[in-house]
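Participant: return a 3D structure for these sequence lines:
(chains A and B)
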Amino acid sequence: MKAVAHTPTRLARGLILGSIGLLFAIPIVAMVEFTLRRGLAGGHDLSRWTALFQGGFAGPYRSVLVALGNSVGLAVGTVSIVLLLLVPTLLLVHLRFPRLRRVMEFVCILPISIPAIVLVVGLAPVYSVLARLLGSGVWTLAFAYGITVLPFAYRAIQTNLDGVDVCTLSEAARTLGAGWVSVLVRVLIPNLRRGILAGAFISVAVVLGEFTIASLLNRITLQTALVVVSKADPYTAVILSLLALTFAFLLLLVIGRLGTVRAGSRRRPTTGGQL
Amino acid sequence: MNQNQLRTQNQNRDRSVATAPAGASVRFAGVVKDFTGHRALAGFDLTLHAGEFVALLGPSGSGKTTALRVLAGLESTDAGSILIDGADVSTLPTSRRDLGMVFQSYSLFPHLSAGENVEFGLRMRKVRGEERRARAAAALALVGLDAHYDRFAHQLSGGQQQRVALARALVTEPRVLLLDEPLSALDAQVRVVLREEIRRIQTELGITTLFVTHDQDEALAVADRVAVMRAGSIEQVGAPEELYTRPASSFIADFVGLSNRLVGVVRHGFARVHGASLPLLDPSQADGAVSVSVRPEDLEFGAAGAPGVVLSSSFHGSLRRTRVRLDDGASLVVQHGARLHPSAGDRVLVRFTGAPVSVDPLPSPA
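Facilitator: Numbers count the residues shown, from 1 in each chain, chains lettered A, B, ... in the order given. Okay, the predicted model is just below:
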């Protein structure tokens, strides 16, 4: 059979992108519209937005800022776990213990099949020990989040790893006089930057959106704080949710920008051809 | 820039890595390497003289790449030793062996330009910026790619990438250059040009080189000596002409060049086969039934000889190879000038030119 390349027409592309855009836009527009309502009086204005910003996030909303700080700190901690633990382990398995790859994949994918509530039941006794040893600071949640982001971060990094001949590159670097640290820092990480950044972004997104574990382990994060605020003032809670979305969107832009720097150099080489 | 400039600049190299002038001697002494359930090197012995170009030739799985990787330190040895200029390097890590290596697959670092790739080894030796760039440019000039300093791997053809890899391997002026089938991923035409270029550069720099290949034409064309491997050890080492004209065994005769295997007998220092009496390469061969290896060019069509019928004939430029089935059932290939053009079904007479032949004893019937 003759293979036919199907390129969507301009109209089809517009319809697909438009539909997906609407899917995302409608809830956000609805949220914005909700925050602009004037209650029973009817009509719309910016009074709730100006009140929040003019008040400098004072009073009950101060806790949301603290919670945002906690969530950002947790995101940094979780990404650190991914970078310092998962990336070297994946490289080690890939380069030295390829037979463990299936086991590694199974272990990393496993958390996605375990509901957060079940995870918390298992983690609760661990955290009681952890609290005695390290205290019950909110940062300790990073250990639990390190597990929950594992499937997403693993898939992002492993996909990049499969596309790069890390064995040959590391051997080439070693024959040129590079030690293992130089191989890692100067050769492997630059070639895995896209996967690592993707893994980091997914980790940040998961952490900023996680509610169940934080709530059940009684830690204050952005999500738990928003729930508290929503019980007292649903309008402001939605405004804060919109701000959180904007923050996540900006974070996506920054990480995406970092990932495209010299991205052209990562394309696969051509074969054959003239000398 | 030329190789003299490259060498002059390299004299100021960093001393943190053990170095010696180009052209070190290498000796494998009884090297054994086992993988799970498989012995890749079984008491491997080979000596490379200083400045020599040795090709390691053998079929897949014969252990040639393992030998090279063991020398590079990319695989450990289970027994035996590897000496470079008399010093045992068996336990030295790869980064401290001061070797240059070109790999079979494209191994340029994709995130670096060609120039930065070549600079990499110098950077590891802490050579400073200006000198590093000058030496990298000189090395690229040596392989004819000085105009491609800023290009990335994906902007280069396969042949260009392997040239850059060669420049990268040579820029640090290593003690030994290791080439692991560097041409196997390239087009046939590019392979021929690049193998001659590798030989030219090797001769100019006088660097000891170990070239692993499974392509006998490549090995015979460029090497000072060819070492043929079989089942983890050396079957025969010698100059290309020696290997071709005086194969030590029927395996060598079959593997290096084409060879017809015919059944015959040895009597009083001669092999008798299809009515001909042929001198032996090894006259000490005991009498008895043997398998005789006869080169296609040592056979010709004539007015007398063993009768047979042409099965097929193939064109190879200035010559032809014609497959003939003799009337007694034996099948053989005759090499002759291209002007003679036998057709399938033609009756012919095949005679031996009388060139010496190698034989292998056949097992005596129980």
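Participant: scan chain B for its longest strand.
Facilitator: strand B:299-316 (DSSP state E).
Participant: okay, now the sheet partners of that one, with direction.
Facilitator: strand B:319-326 (antiparallel), strand B:347-352 (antiparallel) (DSSP bridges).
Participant: and that strand, how far out from the chain's middle?
Facilitator: 31 Å (CA atoms, centre = their mean, to the nearest Å).
Participant: please apply the same query to stretch A:45-64.
Facilitator: For stretch A:45-64 - counting by CA atoms, centre = their mean - the centre lies 28 Å from the chain centre.
Participant: can you list the buried residues in that stretch?
Facilitator: A:48-49, A:52, A:57, A:61, A:64 (16 or more other CB atoms under 10 Å in any protein chain shown). For the C-beta atoms, the positions are set from N, CA and C on the backbone; glycine is no exception.
Participant: start to end distance for that stretch?
Facilitator: 23 Å (CA to CA, to the nearest Å).
Participant: what's in contact with it?
Facilitator: A:35-36, A:38, A:65, A:220, A:222, A:225-226, A:228-229, A:232-233, A:235-236, A:239-240 (CB atoms under 8 Å, 6 or more residues apart in numbering or on different chains).
Participant: let's see which of the residues you listed end up in strands.
Facilitator: Using DSSP E, none of the contacts of stretch A:45-64 sit in strands.
Participant: residues in contact with B:Glu297?
Facilitator: By CB under 8 Å, 6+ apart, the contact set of B:Glu297 is B:335, B:353.
Participant: ok, now with 10 Å
Facilitator: B:257-258, B:319, B:321, B:333-336, B:353, B:355 (CB atoms under 10 Å, 6 or more residues apart in numbering or on different chains).
Participant: which of those fall in strands?
Facilitator: Checked against DSSP E, these include these in strands: B:319, B:321, B:333-336.
Participant: re the thing from before, mind putting the strands paired with strand B:299-316 in CSV, mean neighbour count, mean pLDDT and distance to B:Val228 included?
Facilitator: Output for the strands paired with strand B:299-316, formatted as CSV (neighbours: other CB atoms under 10 Å in any protein chain shown; pLDDT from 0 to 100; distance: least, CB to CB, whole Å):
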stretch, mean neighbour count, mean pLDDT, distance to B:Val228
strand B:319-326, 19, 95, 23
strand B:347-352, 17, 95, 25
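Participant: and the residue lying closest to B:Leu178 once chain neighbours are set aside, what pLDDT?
Facilitator: Using CB to CB, 6 or more residues apart in numbering or on different chains and skipping the chain neighbours, the partner closest in space to B:Leu178 is B:Met101 (4.3 Å). If you check B:Met101, the pLDDT there is 95.
Participant: and if you look at A:Gly273?
Facilitator: A:Gly273 is given a pLDDT of 37.
Participant: same question, A:Ala3
Facilitator: 49.
Participant: which residues does the residue of the stretch 201-350 of chain B at minimum distance from chain A contact?
Facilitator: Nearest to chain A, among the residues of the stretch 201-350 of chain B, is B:Leu210, at 12.8 Å (CB to the nearest CB). Neighbour list for B:Leu210: B:26, B:28, B:46, B:48, B:52-56, B:64, B:67-68, B:71-72, B:99, B:101, B:176-180, B:223, B:227 [criterion: CB under 10 Å, 6+ apart].
Participant: for B:Gly317, same thing?
Facilitator: B:Ala338.
Participant: distance-wise, check it relative to B:Thr245.
Facilitator: 22 Å (CB to CB, to the nearest Å).
Participant: below-threshold pLDDT in the stretch 51-200 of chain A: ranges please.
Facilitator: A:57-58, A:60 (pLDDT under 70).
Participant: again, only this time at 50
Facilitator: The stretch 51-200 of chain A contains no residues with pLDDT under 50.
Participant: which residues in the stretch 151-275 of chain A form helices?
Facilitator: For the stretch 151-275 of chain A, helices defined by DSSP state H, counting those that start in this stretch occupy the ranges A:166-175, A:180-182, A:189-191, A:193-209, A:212-216, A:222-232, A:234-259.
Participant: quick check, the fourth one touching chain B?
Facilitator: Yes: judged by CB under 10 Å from any CB of the partner chain, helix A:193-209 comes into contact with chain B at A:Arg193.
Participant: what sits against B:Leu319?
Facilitator: B:296-297, B:335-340.
Participant: next: A:Val121.
Facilitator: By CB under 10 Å, 6+ apart, the neighbours of A:Val121 are A:114-115, A:216.
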